[in-house]
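Colleague: Sharing a model that was predicted from the sequence below.
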Amino acid sequence: MTRRRPSARQRSRRRSKRQQQAETQLVGFVVVAAAAIGLVVMVVNWLLAHWWVLIGAVVLVGVGVVGWAYQRQQQARWDAVKAQGLRYALPQLDALHHRQFEDAVRELMHRDGCPDAVRVGGRGDLGADVKATDPFGRRWVIQCKHRRNGDRGSAVGSPDLQVLNGTARPVHKADVVVMVTNGRISGPGRTFAKEQRLHLVDRRLLGEWAAGSRPLWELLRAVPPPRQSTPLS
């Protein structure tokens, strides 16, 4: 069955209808735009007649911005003061859960000036419990071994240090590799650490670091040189 094409009159009517719709939309847009412009003109004229209101609003906004900036600055200073005042005694560290011990090490690194210090310990951590970048641009990777009985607990041995050594530099791109424990480190472990340039923080050094105010890189020997020039270097 052949489909009949619309006649010229029908096509003309459709075009006329679409044209009318477009004209209606255009008129509506013009009306809305004119109303908006009129409102803006009214507001501007009112502000010109009441200029003191505009000045008062600007002053209030300025005061608000200054107050907000001042509060942010004071909060930052207070956070810095609190961080610098962070101290731990060894009995406090002994009483922690091993995850809390990792958090404490992260907080100490943050206190020392590593704002990006983060705890990553857990399953799949690949030997890294805490990562941080110091003010000299060096990347720190720290493994934490908490002993509930302190130095009376089992010693951290070379197997633990071998795991850390196997991932810290090739996987985590560490410049400084550290083992931290509130216990003790075995003789073979110390020998392995010396051979592989691993840094050890045993109970004695941990107590000095946690209870004092000196950053860890000032307490360790043979720390790599700064990666970048900074005001501290």
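Modeller: Good, I have the coordinates. Numbers count the residues shown, from 1 in each chain.
Colleague: Next, the buried residues of stretch 135-155.
Modeller: Neighbour-count burial for stretch 135-155, with 16 or more other CB atoms under 10 Å as criterion, is recorded at 135-136, 138-147, 150-151, 153, 155. The way it works is simple: take the backbone N, C-alpha and C, and place the C-beta from them, glycine included.
Colleague: Return the closest of those with respect to Gly85.
Modeller: Looking at the buried residues of stretch 135-155 and their distance to Gly85, the nearest is Pro135, at 18.6 Å (CB to CB).
Colleague: Report the separation between the closest one and Ala117.
Modeller: When CB to CB, to the nearest Å is the yardstick, Pro135 and Ala117 sit 12 Å from each other.
Colleague: Can you check which residues contact both of these two?
Modeller: Contact criterion CB atoms under 8 Å, 6 or more residues apart in numbering; residues shared by Pro135 and Ala117: none found.
Colleague: Just the helices from this protein, written as ranges.
Modeller: In the chain, the helices defined using DSSP state H lie at 8-49, 51-84, 90-94, 98-111, 158-168, 187-195, 203-211, 216-219.
Colleague: Run the chain-centre distance for the first one.
Modeller: Spelled out, that is helix 8-49. Between the centre of helix 8-49 and the centre of its host chain there is 51 Å, according to CA atoms, centre = their mean, to the nearest Å.
Colleague: what pLDDT, on average, does that helix get?
Modeller: Per-residue confidence for helix 8-49 averages out to 79 on the pLDDT scale.
Colleague: And that helix, what does it pack against?
Modeller: In this structure, helix 8-49 makes packing contacts with no helix or strand, judged by 3 or more CB pairs under 8 Å, 6 or more residues apart in numbering; DSSP states H and E.
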